[in-house]
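[1] I would like to see how this sequence folds:
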Amino acid sequence: MSKFTVSDPIITEEKGHGSGMRQRIDHPSFAQVQVSRINGHQVLHDSDFNSHNYIALRISSSEMVRDLSHDWHHEKDQLIEVCMSEAQWATMVSSLNTSGVPCTLTYLMGKQIDRLPEPTDRVNQFNAELSKHWIQAVEQLTEAQALVATLGLSKVKAQALVSILNKAKSNISGNATFVEKSFNEHMEKSVEKAKCEANAYLYHVIQRAGLDALTLGITPPKHPKVLPMSNYVLAWHSYDMNSTELDGNVIGVYESLAEAQHEMIMNMEETEDLYEGTQYITEKHEVSMKFTTPYGYAITYYVAINPNV
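    Below is the predicted model of the structure:
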């Protein structure tokens, strides 16, 4: 086991808010980890499906600023990003001390990693592998037929053995292929049926929850900070990793959540239009939306309750 060294954090004094001073504290071991649910298309390693919702885990180097009697943690350079399907994420957080869970590396030390091609059709893959085994089995039976003549058997016994081998070859070439095709058709129908039943069950659960809420005279919660009959504040904050500057402001106050959400969507679309033709990542939720560029700029729009109400 290699020895590690211990070093003290580097502390820099600088002008803070007002007339006070603040400390900027840095150390090679400082890092921040961020987990996000992303809406967007992504081909993932060891996932048989095209994922339109997936989990992204990012680790960045970090620094700490001591100001106004608080510790503020700021991202610096992004080090790594991996993406996982929701199933892979659930397996990872629930399975400690294992050999690991497959994930997809998308960013490493300042470099975007090549994307994966569209996933291969698993049915075709298994069909090709099975057909290969059938061909090998027929070839081996043909070799066995050729060996019969060298065994010194009587003509009657030799013909009987060759006949059995011929029947086995016919079963593999004809009947087994038919069963394989029938099985594939059955599995396709079973998968589609399972999708329909899952959707129907989910719809029933949602409908039942809504009816129960109406019966009890309550509004189903949409977000921990969302309450009925309140004014809603739409605001934004941004962070530029290259300049380590934070910025933000209030966009407006609205009577209903729907109005605030509509304005949030409009502002997000304007931001996307400004960066049209460039790569970016969006995370869209009911009361918050985040826009992130690969070169360190991020802006978040969010809805909260008006504290003055």
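
[2] contacting residues around residue 235?
    By C-beta atoms under 8 Å, 6 or more residues apart in numbering, the residues touching residue 235 are 248, 249, 250, 251, 301, 302, 304. Using the backbone N, CA and C atoms, a C-beta is placed for each residue, glycine as well.

[3] how about those residues in CSV, adding distance to residue 154, secondary structure and neighbour count?
    As requested, the contacts of residue 235 are exported to CSV (distance: C-beta to C-beta, whole Å; DSSP: H, G, I helix; E, B strand; the rest coil; neighbours: other C-beta atoms under 10 Å):
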residue, distance to residue 154, secondary structure, neighbour count
248, 96, strand, 12
249, 99, strand, 8
250, 100, strand, 11
251, 97, strand, 16
301, 89, strand, 25
302, 89, strand, 18
304, 93, strand, 17
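
[4] include distance to residue 115 and pLDDT when you put these into CSV, please.
    CSV is the format used below for these (distance: C-beta to C-beta, whole Å; pLDDT from 0 to 100):
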residue, distance to residue 115, pLDDT
248, 33, 81
249, 36, 84
250, 38, 85
251, 35, 87
301, 28, 91
302, 30, 90
304, 36, 85
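
[5] next SSE after the helix or strand bottoming out on mean pLDDT in the chain?
    When each helix and strand of the chain is scored by mean pLDDT, DSSP states H and E, helix 177-216 comes last, with a mean of 56. The helix or strand immediately downstream of helix 177-216 is strand 232-240, counting by DSSP states H and E.

[6] tell me what the strand or helix carrying residue 290 is packed against?
    Take DSSP H and E as the rule and residue 290 turns out to sit in strand 288-292. Judged by 3 or more C-beta pairs under 8 Å, 6 or more residues apart in numbering; DSSP states H and E, the packing partners of strand 288-292 are helix 257-274, strand 281-284, strand 297-305.

[7] isn't residue 172 right next to residue 138, touching?
    Yes. Contact between residue 172 and residue 138 holds when scored by C-beta atoms under 8 Å: they sit 5.6 Å apart.

[8] out of the contacts of residue 235, which two sit at the greatest distance?
    Using C-beta to C-beta, the contacts of residue 235 span at most 13.6 Å, a distance reached by 249 and 304.

[9] need the contacts of residue 235 in JSON lines with distance to residue 117, can you?
    Output for the contacts of residue 235, formatted as JSON lines (distance: C-beta to C-beta, whole Å):
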{"residue": "248", "distance to residue 117": "40"}
{"residue": "249", "distance to residue 117": "43"}
{"residue": "250", "distance to residue 117": "45"}
{"residue": "251", "distance to residue 117": "41"}
{"residue": "301", "distance to residue 117": "34"}
{"residue": "302", "distance to residue 117": "36"}
{"residue": "304", "distance to residue 117": "42"}
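
[10] between these, which is closest to residue 118?
    residue 301 (32.5 Å).

[11] gap between that closest one and residue 158?
    83 Å (C-beta to C-beta, to the nearest Å).

[12] try residue 7
    84 Å.

[13] now residue 28
    79 Å.

[14] neighbour count: those two, which is higher?
    residue 158 (15 against 9; other C-beta atoms under 10 Å).

[15] contacts only, for that one.
    By C-beta under 8 Å, 6+ apart, residue 158 lies in contact with 148, 149, 151.
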